[in-house]
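Undergrad: predicted model follows, preceded by the sequence.
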Amino acid sequence: MIKVIFYLYHYYMLIRLLIFVSLYLIPSVMYAQAKSFVASKTTYPIKIDGNLDEVAWKNHKGISDFITISPEFGNVSKRNTWVRILYDDNAVYVAAYMYDNPTLIRKQLTARDVLDRQDVDIFTVGFDTYIDKQNAFVFKLTPANVQGDLKISQSGINNGGVVYDYSWDAVWESKTSIKADGWVAEIKIPFSAIRFSKKELQNWGVNFARFTRAENENSSWSPINPNVSGELNQWGVWSGLNNIKPPTRLSFLPYLSGGFRVSPTAKGKVTEFLKSGGMDVKYGVSEGFTLDMTLIPDFAQVQSDNVFLNLTPFQVKFDDYRPFFTEGTELFNKAGLFYSRRIGGEPQRSSEILNTYGNKVDCQILKNPGITRLYNATKFSGRTKGKLGIGIFNSVTAPMRAVIRDHVAGKDTTIITEPLTNYNILVLDQALKNRSSISFTNTNVLRKGNQRNANVSSVDLSLFDKRNNYNFLFSGRYSNIWGREINKSGFTTVAGFGKVSGIIQYRAGVSIESDKYDPNDLGFIQNNNSFEYYANINYIINKPTRHFLNHNFRLSFNNTYLYKPFTWASFQINASAFFLFKNFWDLSLSFQTSPAWNKDYFVHTNIYTGYFLRRTPYYYFGFNGSSDSRKKLFVSWKLGGAESPLPNDPYWTGELGLRYRFSNKLQVSSSMNIVQDRGNWGYAYKTNPDGSPVIARRNVKTNTAIASAQYNFTSRMNLTIRMRHYWSLLQNTNFYNLNDNGSWRDTTFFPNENLNFNTFNVDMFFTWDFLLGSRLTIAWKNALGGNAFIDPYLNTTYFRNFCKVLENPHSNEITVKLVYFLDYLKLKRKK
């Protein structure tokens, strides 16, 4: 306890020093008063055709004078842009005229939302409808009429506290046209696509932006200073929206899907026919709140996971590609307690069934589902006039059962691998002045049979000062697990203070996780039981110099202790630098070191058992970069290496990526990443009679090859294909037992323990948005069979191993899915 107080005292003194430096040695960042203009309501009809010849547009003066954000902030944009914006009782209309030489306009066809580093010009409009400077709806459009949309929210301090949710897809109209002196974007955004209050007179935050690919110039109507933390706090104001009423927001997305799957097994191929049908429903309960429901959801047509060989005792976190669990969930993840892959994941006892009965001669597994089926899922979210965000989430998953046939007894046995489970989330998020906020989050998981239930509560506070220079962050969380098998409770708390704007930015903080804290029933952490304090400082130059358009430097350190028993574990220093050259090539340098012998208390399990491994000091240096992404051929690369005092212990990694744009419709890319670790130390998945783990020193070679191609027929029809091959060859060189002080001693060498691990996936999707909000998708998925074996002693080169991968049986799946968008307001008008 005395040690904890000692380190907290030093942390307190560090905070005081940082505050002193901030207030007296570093100038404050000042920014101009926000721009504004008065809203104009129209009674004239507007046809969205990319030609601004309607009376409504001719009678509207519009705004211009865009200011550059990058490559240099504060200049008048090289290209003139005029924007006109009107509204009526049903929608917002935006017309933008981007003056330019038509031969310089970049108009590559891409998939929806895929605009980053593509050969496209972009026009953007965003609305902060509650003018809370923390939440906004953003709409993007390219000259080829490719749409992109996202939601912006405020959460934490990373990236200036700004979170971009590109999974959000709204239904809105657009049309573009190329003119003799530029290009035109015409947009209609129905009020049903966004949320706003029911006031008679309203002011909205607003901004317009333009990206010109020829010069890589970003500009906006209301200036966005990259040295100022946040974005929405720098937007302008659209004032005087009068007598607009939130419409009835009710839409239906019924779907039908079907197909078949052929899977290889030890007894031959098994064909399974797939069929499903269901519906998503969106209902605007009030002007600010929406109810989203999915009934009998089907998540088959999603990208395959990037599976890899996990040699740690920790869980692996994969991305979620299921639209319902990614779209509009920023409020539910405010506290970072929502890992959506927990819902509908692999049943808890699925692997146990496979390991127990899979190799028994007298038993046969007739059924063992690998994915938990969902009955339904519901989201209720929105924000009140008082800027209080409320989110309620519920999902119910079906019980999963495995069926085992005992050939000796002549009977079948049913085993529940996942009980009926109810998942719940409640979030209250109050937006405060100056981008500050306080929120409460509760997650709750209830399982039938009372086997294991969980409840986690969190309070999160983020405070910015009036000038947006400094931020204080606090988070406190409490978890409680109860049931027939386990009862425990724990806590975690995080506190930090930092300077978030200006040329020099920094942060210091402390994090404590008790040994019983466990949010993993609906959240995600790798391990608990830690006490850590950290600090970082950044030097950011966004103003061009003689050689660079911008560059920055970062230095950070982490010092970690075990929480219980309180003892030191590790210390790490990181340094990095980034340079963007004037030809738009970039270079990053990184240095990482752990200068002392660390203590790994989680070498074989994510729970403290008393055993630990002393890990050697190391020094890593690497660099990576990329070429000008405007060119047809785009190249990225990475090279790094590490060394330690142990003999024959090198580590190195390299990566090369290529992307070539054949035309505005066809683009291909590929990458190869190679990692060679000759000193990989870890658990050998063997224990001694006294329970101590056996440690292995290994030579691990890993190759990851990815190839993809995209062909876009139109702005709403495209074909994508992606192939990924991951190969990891593990060769054991030594086996050791652990001494009490964490050192090691030789033990018996275990032969035939090498491992050849492969994953191979091909995902191909044909997507056609044949009507607004409606989509036809045809998918083909190919994967290496789960029972494939490739000898690790005979196949030690990449090409020999890859040939064996192709020779082994693969599973194949073909599905067709039709989603049709039905909007209540359109149906009502037609009637």
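TA: Here it is on my side, so go on. Worth saying up front: this structure is predicted, and the values here are computed from it rather than measured.
Undergrad: pretty sure residue 259 sits against residue 272.
TA: No: in this structure, residue 259 is not within contact of residue 272 by C-beta atoms under 8 Å, at 9.5 Å. Quick note: C-beta positions are derived from backbone N, CA and C, even for glycine.
Undergrad: so where's the protein shaky on pLDDT?
TA: 1-33, 156-161, 266-267, 298-301, 786, 831 (pLDDT under 70).
Undergrad: how about the helices of it, start to end?
TA: According to DSSP state H, the chain carries its helices in the segments 2-24, 55-58, 323-326, 350-357, 798-807, 824-830.
Undergrad: quick one: the strands in the stretch 1-150 of the chain?
TA: Secondary structure of the stretch 1-150 of the chain by DSSP state E, counting those that start in this stretch: the strands cover 36-38, 67-70, 81-87, 91-99, 122-128, 136-141, 147-154.
Undergrad: how about those, which one is nearest residue 350?
TA: Proximity to residue 350 (C-beta to C-beta) singles out strand 147-154 among the strands of the stretch 1-150 of the chain, at 35.0 Å.
Undergrad: give the partner strands of the closest one in its sheet and their orientations.
TA: Sheet partners assigned to strand 147-154 using DSSP bridges are listed as strand 136-141 (antiparallel), strand 162-165 (antiparallel).
Undergrad: now that strand, how far from the centre of its chain.
TA: 13 Å (C-alpha atoms, centre = their mean, to the nearest Å).
Undergrad: what's that strand in contact with?
TA: By C-beta atoms under 8 Å, 6 or more residues apart in numbering, the surrounding residues in contact with strand 147-154 are 112-115, 122, 126, 133-142, 161-166, 168-170, 172, 174, 230-232, 328, 330-331, 431, 435, 437, 462, 715.
Undergrad: out of those residues, which end up buried?
TA: Buried by 16 or more other C-beta atoms under 10 Å: 112-115, 122, 126, 133-142, 161-163, 165-166, 168-170, 172, 174, 230-232, 328, 330-331, 431, 435, 437, 462, 715, out of these.
Undergrad: next, the buried residues of stretch 776-788.
TA: 776-779, 781-785, 788.
Undergrad: of those residues, which pair is most distant in space?
TA: Greatest spatial distance in these: 776 and 788, 33.2 Å, computed using C-beta to C-beta.
Undergrad: residues in contact with stretch 241-250?
TA: Residues outside stretch 241-250 that contact it (C-beta under 8 Å, 6+ apart): 39, 41, 87, 89-90, 190-192, 195-198, 200-204, 281-284, 286-288, 290, 823-825.
Undergrad: buried ones in it, by neighbour count?
TA: The neighbour-count check on stretch 241-250 (16+ other C-beta under 10 Å) flags 241, 244, 246-247, 249-250 as buried.
Undergrad: the closest residue to residue 541 other than its chain neighbours: neighbour count?
TA: Spatial nearest neighbour of residue 541, excluding adjacent residues (C-beta to C-beta, 6 or more residues apart in numbering): residue 551 at 5.3 Å. Using other C-beta atoms under 10 Å, the number of residues around residue 551 comes to 20.
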